[in-house]
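Participant: got a predicted structure here, sequence first:
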Amino acid sequence: MSRLMRNLVAVCCMLIALPALAQNSATKAENKLKDYLSSVALQVKKESDPAQKREILNRSFAKVFKAADTIERMPAFSSSDRQVVAELRSRTQEKFDELNGLNSYQPVSDAQLNHFADYVVQDTEQAADTIVITTTTLIIIVLLVLLLAA
């Protein structure tokens, strides 16, 4: 087989495999984000001091805000990617406001902080099912949140 033919076959195989690889990467990234949020919820539940619980939640929200800021400054993303990031920011801002009693929300009571942490995880998982996030955007969101977590 000629070299040109081998290269053509290799390119065709890559094009066929690319959607499966992209889906696999998106699934892995989504699972990492869910794992991160679940670990935040576990940290909240392990903590006995309500002020510390709030701090853990507020830090996790701050990391999402910082990741969104970083992505919004990157020129490589499409307007639809930026819309997804804006939706993520909006949903996170709503949770932040709810936790802290801002923008006409009553603050989450100390006794409800564990339930609120679980609610944030569940809501994010449901949002991931309804918001279409491109693989690249999802991977970058996850990487930034995880890097900020370190």
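Facilitator: Thanks, I have the structure now.

Participant: helices or strands next to the strand or helix carrying residue 58 in the packing?
Facilitator: Assigned by DSSP states H and E, residue 58 belongs to helix 50-73. With contacts taken as 3 or more C-beta pairs under 8 Å, 6 or more residues apart in numbering; DSSP states H and E, helix 50-73 sits against helix 3-46, helix 79-100, helix 113-130, helix 135-149. C-beta: built from backbone N, CA, C; applies to glycine.

Participant: next, the angle helix 50-73 makes with the third one.
Facilitator: It refers to helix 113-130. With axes from the mean of the first three to the mean of the last three C-alpha atoms, to 10 degrees defining the directions, helix 113-130 sits at 20 degrees from helix 50-73.

Participant: by how many degrees do helix 113-130 and helix 79-100 diverge?
Facilitator: Using the same axes, to 10 degrees, helix 113-130 lies at 160 degrees relative to helix 79-100.

Participant: for helix 113-130, name the packing helices and strands.
Facilitator: helix 3-46, helix 50-73, helix 79-100.

Participant: buried residues in it?
Facilitator: The neighbour-count check on helix 113-130 (16 or more other C-beta atoms under 10 Å) flags 113, 116-117, 120-121, 124, 128 as buried.

Participant: using JSON lines, please lay out those residues together with pLDDT and distance to residue 95.
Facilitator: Putting the buried residues of helix 113-130 into JSON lines (pLDDT from 0 to 100; distance: C-beta to C-beta, whole Å) gives the following:
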{"residue": "113", "pLDDT": "96", "distance to residue 95": "12"}
{"residue": "116", "pLDDT": "95", "distance to residue 95": "8"}
{"residue": "117", "pLDDT": "94", "distance to residue 95": "10"}
{"residue": "120", "pLDDT": "89", "distance to residue 95": "5"}
{"residue": "121", "pLDDT": "85", "distance to residue 95": "11"}
{"residue": "124", "pLDDT": "75", "distance to residue 95": "9"}
{"residue": "128", "pLDDT": "58", "distance to residue 95": "15"}
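
Participant: can I get those residues in TSV with distance to residue 63?
Facilitator: Converted to TSV, these look like this (distance: C-beta to C-beta, whole Å):
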residue	distance to residue 63
113	18
116	17
117	15
120	13
121	15
124	13
128	17
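
Participant: done for today, thanks.
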